[in-house]
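Chemist: Structure for the following, please:
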Amino acid sequence: MSTQDYGRRSAWVTFAAIMLFAVGVVRIISAFSYFGDSNEVNNLTNSLFGDNLWLAGLWDLAIAAVALFAGYSLWGNQPFGRVVAYIWAILVIVQGFLTIQIAAWWSVTMIALAAGVIWGLAKTAEPE
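Modeler: All right, here's what the predicted structure looks like:
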């Protein structure tokens with residue numbers, strides 16, 4: 001049985017990577033509900049994209065792709081993943097404040113998760 005050294009990853013970086021994976025999957029599911037003009041979606045007529053749910057679905061797919069890429073990169077201890085994760089968190093926080101009047105609980109939850117990712121990355125030193 002061989003042992004391989006995968007490098008040490010901080011628990012906070014692991015937390016950030018798992019949160020990015022989880023949010024990426026949820027955003028993909030959310031995008032499909034936007035594409036299907038689902039009745040489960042909140043009324044977004046006063047949002048940034050208006051009542052065009054197709055654009056909201058594309059936005060969610062873009063956020064999901066960035067989140068999954070950043071999570072994968074963080075999982076492999078790659079420093080570029082930190083940069084992408086910071087950019088993702090900033091985008092999610094801005095979107096959360098833009099939609100807080102429309103979907104308050106969703107927005108507050110996403111802002112808190114993005115802040116947790118920023119906290120986790122800022123708390124740990126960069127890999128060597």
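Chemist: So Ile87 is in contact with Ala67, correct?
Modeler: No. With contacts defined as Cβ atoms under 8 Å, Ile87 does not count as touching Ala67, sitting 10.5 Å away. Quick note: C-beta positions are derived from backbone N, CA and C, even for glycine.
Chemist: More neighbours: these two, which one.
Modeler: The neighbour comparison of Ile87 against Ala67 (other Cβ atoms under 10 Å) goes to Ala67, with 29 against 12.
Chemist: Name the single longest helix found in this structure.
Modeler: helix 11-35 (DSSP state H).
Chemist: Going by neighbour count, which residues in the next helix or strand after that helix are buried?
Modeler: The element immediately downstream of helix 11-35 (helix or strand, assigned by DSSP states H and E) is helix 53-75. Using 16 or more other Cβ atoms under 10 Å as the burial criterion, the residues of helix 53-75 that qualify are 53, 56-57, 59-61, 63-64, 66-75.
Chemist: Over to stretch 10-21?
Modeler: By 16+ other Cβ under 10 Å, the buried positions in stretch 10-21 come out as 10, 12-13, 15-17, 19-21.
Chemist: so who does Gly96 touch?
Modeler: Contacts here follow Cβ atoms under 8 Å, 6 or more residues apart in numbering; on that basis Gly96 touches 107-108, 110-111, 114.
Chemist: what do you get if the cut-off is 6 Å, keeping everything else the same?
Modeler: Residues in contact with Gly96, defined by Cβ atoms under 6 Å, 6 or more residues apart in numbering, are 107, 110-111.
Chemist: again with Ile111
Modeler: Contacts were defined as Cβ under 6 Å, 6+ apart; by that measure Ile111 touches 93, 96.
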